[in-house]
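K.L.:
The amino acid sequence is not available; the structure is as follows:
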């Protein structure tokens, strides 16, 4: 015989009376059929019997009296063969044609079975270039989505309907039923007072599909909730201290609000403002700058106590809204070295830490990363006022003393896992960050572009200078016009400056005074009348800005003195 049909299943709907249902393909035994009623597998010789085994035309499935499918029940009869080859040929024996043909028939049926199984699977189109895309292991409470690189799939946290909305029509299509008096965008026709079918424009459909008010604001181009990004200067537009910093010391700042932290490690970095950024199409907006960390001295062997990271410290007032909530960090990163990197979230007491991993998939390629953290923690020393609320650390290398498991709150000062690459083992290991945002919720929303004057004001709560914007404090031979301050001496010691900061500081700042028109200007003022340079100390500085300077008896009472300042109240 031949296998002349490609059918290997039949489907029926029960009526509560009929007990016999035909199948129209060959089976070898009754056990070659799987029979389902409303998705429940039935039992052979208990719920049903099979006739016609071995007949090329098929046979019948006959339900027992107590198992007859109810009215409306779905019935699926599927041929499912064991994936075995049981025909054994004996050398020199007669050719058993029928046995041989049955074996070929079984192989053909198995192929049909595989085809039917794959016919119910998700597949790429035949002309697609995608291949070898694997599904990750199942994770409770998450849904499947294409990853940010468009190269595979991953499990993500959130509402799978948030970006798609739901069907609003009774029939599940794209049309929406409304009354004639409730006219929506793109109304097609109406009968007064009657129910009508309308067709929405693309803009109307986008609004209706948006799951929440925030998404609707984005669709309409309206501002998002002001201040949703708890990180300041995430676009790296503000650089009050300068734009290039060689051999940066531990604890030093470069771009406003971003610091370089290292301990016992021998690597050295140069930090600079860079114009290498994600494209506007990638970022959904135009970035001007990124932060570039260039490794100029390597450390090829990371000891247990070695560590180096880039961080931003969030003030307690700005962090406390995350307590008991989910927070999502999104950022763009580019690195020469591929592999696993870590981001850590650490409290004020450095006794509670959450470490998350991310992967650099391609060398020197901008990639977007998203990390969601549940801030429903317990224990630890936290600050919710004007101190350090949360430190967000982007790790370049970390020894075993700083390593822990990823994905949960840990007791201790941890920043990485054992999978963290050594990102400082080569002078090729440049590392960039751009477009960083940390916000409430489990979904990374579009980046919040704040007006630059607002971003500068936020930065100035922590660091402010009197100099013009493009002049870094401490620069030699700065002109008088670029320093910005003038004060008159009350005595040979007291120089009282009634200067008020543009922004009140989070605490009394550390203030450094700089003289114009001289070298090594820190801790000096310039006498306006003759240019004499006088050493000075700051004896009093408030968070609002009144300064009392001490000339140590070297001032001339009644004379005016020129200077600039930098006020540092960083966390």
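P.N.:
Yes, it's here. This structure is a prediction, so every number in the text was calculated from the model and none was measured.
K.L.:
For the stretch 151-300 of the chain, which segments are assigned as strands?
P.N.:
For the stretch 151-300 of the chain, the strands defined by DSSP state E, counting those that start in this stretch cover 153-156, 176-179, 195-198, 244-245, 252-253, 259-263, 268-274, 290-297.
K.L.:
Can I get these in TSV including mean pLDDT and distance to residue 460?
P.N.:
From N, CA and C alone the C-beta is placed, and that goes for glycine too. Converted to TSV, the strands of the stretch 151-300 of the chain look like this (pLDDT from 0 to 100; distance: least, CB to CB, whole Å):
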stretch	mean pLDDT	distance to residue 460
strand 153-156	81	37
strand 176-179	44	50
strand 195-198	43	52
strand 244-245	98	20
strand 252-253	98	13
strand 259-263	98	17
strand 268-274	98	18
strand 290-297	98	19
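K.L.:
want to throw the ones you listed into JSON lines with distance to residue 426 and mean neighbour count?
P.N.:
As requested, the strands of the stretch 151-300 of the chain are exported to JSON lines (distance: least, CB to CB, whole Å; neighbours: other CB atoms under 10 Å):
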{"stretch": "strand 153-156", "distance to residue 426": "29", "mean neighbour count": "15"}
{"stretch": "strand 176-179", "distance to residue 426": "59", "mean neighbour count": "15"}
{"stretch": "strand 195-198", "distance to residue 426": "62", "mean neighbour count": "16"}
{"stretch": "strand 244-245", "distance to residue 426": "21", "mean neighbour count": "16"}
{"stretch": "strand 252-253", "distance to residue 426": "23", "mean neighbour count": "16"}
{"stretch": "strand 259-263", "distance to residue 426": "17", "mean neighbour count": "18"}
{"stretch": "strand 268-274", "distance to residue 426": "13", "mean neighbour count": "20"}
{"stretch": "strand 290-297", "distance to residue 426": "7", "mean neighbour count": "20"}
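K.L.:
So what's the residue count around the nearest residue to residue 563 once chain neighbours are set aside?
P.N.:
Once flanking residues are discounted, residue 563 sits nearest to residue 525: 4.3 Å by CB to CB, 6 or more residues apart in numbering. Residue 525 sits with 32 neighbouring residues when counted by other CB atoms under 10 Å.
K.L.:
the helices in the stretch 201-350 of the chain, which residues?
P.N.:
Using DSSP state H, counting those that start in this stretch, the helices of the stretch 201-350 of the chain run over residues 202-209, 213-220, 280-283, 316-319.
K.L.:
Flag the shaky bits of the stretch 201-350 of the chain, pLDDT-wise.
P.N.:
For the stretch 201-350 of the chain, the stretches with pLDDT under 70 are 201-226.
K.L.:
Give me the longest helix you can find in the chain.
P.N.:
For the chain, the helix that runs over the most residues, judged by DSSP state H, is helix 97-119.
K.L.:
Can you spell out which helices and strands pack onto it?
P.N.:
Using 3 or more CB pairs under 8 Å, 6 or more residues apart in numbering; DSSP states H and E, the elements in contact with helix 97-119 are strand 74-79.
K.L.:
what comes up buried for the strand it packs on?
P.N.:
Residues of strand 74-79 classed as buried: 75, 77, 78, 79 (neighbour count, 16 or more other CB atoms under 10 Å).
K.L.:
Identify the neighbouring strands of that strand in the sheet and state each direction.
P.N.:
Applying DSSP bridges, strand 74-79 is found paired with strand 9-13 (antiparallel), strand 33-37 (antiparallel).
K.L.:
just how off-centre is the last one within its chain?
P.N.:
Relative to the centre of its chain, strand 33-37 is centred 45 Å away, using CA atoms, centre = their mean, to the nearest Å.
K.L.:
And stretch 509-516, by the same measure?
P.N.:
Distance of stretch 509-516 from its chain centroid, counting by CA atoms, centre = their mean, is 40 Å.
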